[in-house]
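1. here are the coordinates; sequence isn't available:
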């Protein structure tokens, strides 16, 4: 499946979320409290990368935790784009895996 198809699915899901709950405007809820967890996740990813045992779950956890501890709005946005990009890359990997088994 192409990235355009994946992004279209995401757009459809966002529309469904808004249709179900309306437009949400929550507080960010981020805190430097997550910094130690983010560092542990980064170290775990670095170790796994050195061993060739990196998983999508590890990468998504690291990126998500980095976002959760970013209090600067511009930097938070950058981190959330990275989270979204990793999620899309994981979906693409799943699609490639499924295509090769069909």
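-> Thanks, I have the structure now. As the structure is a prediction and not an experimental result, all values here were calculated from the model.
2. Show me what counts as buried in the helix or strand residue 85 falls within.
-> Assigned by DSSP states H and E, residue 85 falls within helix 73-101. By 16 or more other C-beta atoms under 10 Å, the buried positions in helix 73-101 come out as 76, 79-80, 82-83, 86-87, 90-91. Just so you know, the C-beta spots here come from the backbone N, C-alpha and C atoms, and that holds for glycine as well.
3. want to throw those residues into a markdown table with distance to residue 22 and pLDDT?
-> Formatted as a markdown table, these follow (distance: C-beta to C-beta, whole Å; pLDDT from 0 to 100):
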| residue | distance to residue 22 | pLDDT |
| --- | --- | --- |
| 76 | 23 | 98 |
| 79 | 26 | 98 |
| 80 | 21 | 98 |
| 82 | 27 | 98 |
| 83 | 23 | 98 |
| 86 | 28 | 98 |
| 87 | 23 | 98 |
| 90 | 28 | 97 |
| 91 | 26 | 97 |
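4. Just name the closest of the residues you listed to residue 5, please.
-> Using C-beta to C-beta, residue 91 is the member of the buried residues of helix 73-101 that lies nearest residue 5, at 9.6 Å.
5. most centrally placed residue in the protein?
-> residue 83 (2.7 Å; C-alpha atoms, centre = their mean).
6. residues in contact with the helix or strand harbouring residue 11?
-> For residue 11, the host element (DSSP H and E) is helix 3-21. The contact list for helix 3-21 (C-beta atoms under 8 Å, 6 or more residues apart in numbering) reads 24, 88, 91-92, 95.
7. now with 7 Å?
-> Residues outside helix 3-21 that contact it (C-beta atoms under 7 Å, 6 or more residues apart in numbering) are 88, 91-92.
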